[in-house]
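# What shape does this take:
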Amino acid sequence: MTDQYLRDIILSFMIAGKDTTANIISWFIYMLCKSPLIQAKIFEEVKEFISGTDDEISSDDFVDGITDETLDKIHCLHAQLQRP
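Okay, the predicted model is just below:
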């Protein structure tokens, strides 16, 4: 195995991962748009566990609020992401 061969294989995995991830995210957003009730439930759940009591939250505060414990509490979002 040469360095070029390893580089090419790693690049192939990165490109394949990017495309599949983009497709999954696009499909998830499409499905949310078709289900306003689920969309509202997920929004309220994320708002409750991430932002606490504030009505408005900055993107930095949102990112800081995402922890393993917080993600474990967001059941509706997990259920929708695991949906076939």
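# For the rest of this, base every contact and every neighbour count on C-alpha atoms.
OK.
# mind giving me the domain split of this protein?
1-34, 35-84 (automatic domain parsing).
# so how far is the first one from its chain's centroid?
This points to domain 1-34. 15 Å (CA atoms, centre = their mean, to the nearest Å).
# just to revisit the earlier point, mean pLDDT and mean neighbour count for the domains of the chain - can I get that in TSV?
Shown next, in TSV, are these (pLDDT from 0 to 100; neighbours: other CA atoms under 10 Å):
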stretch	mean pLDDT	mean neighbour count
domain 1-34	84	11
domain 35-84	79	13
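# so how far does stretch 42-62 reach from one end to the other?
Criterion CA to CA, to the nearest Å; first-to-last residue distance in stretch 42-62 is 15 Å.
# Tell me how far it lies from the chain's centre.
15 Å.
# what does it contact?
65, 66, 70, 73, 74, 76, 77 (CA atoms under 8 Å, 6 or more residues apart in numbering).
# again, but for stretch 22-32
38, 39, 81.
# now could you export just the CA positions of that stretch as PDB?
Output of stretch 22-32 as PDB, limited to C-alpha atoms (Å, rounded to 0.1, in the frame of the first residue of the first chain):
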ATOM      1  CA  ALA A  22     -26.600  15.100   2.900                       C
ATOM      2  CA  ASN A  23     -29.300  12.800   1.500                       C
ATOM      3  CA  ILE A  24     -30.400  11.700   5.000                       C
ATOM      4  CA  ILE A  25     -30.600  15.300   6.300                       C
ATOM      5  CA  SER A  26     -32.500  16.300   3.200                       C
ATOM      6  CA  TRP A  27     -35.000  13.500   3.600                       C
ATOM      7  CA  PHE A  28     -35.400  14.200   7.300                       C
ATOM      8  CA  ILE A  29     -36.200  17.800   6.600                       C
ATOM      9  CA  TYR A  30     -38.600  16.900   3.800                       C
ATOM     10  CA  MET A  31     -40.500  14.500   6.100                       C
ATOM     11  CA  LEU A  32     -40.600  17.100   8.900                       C
END
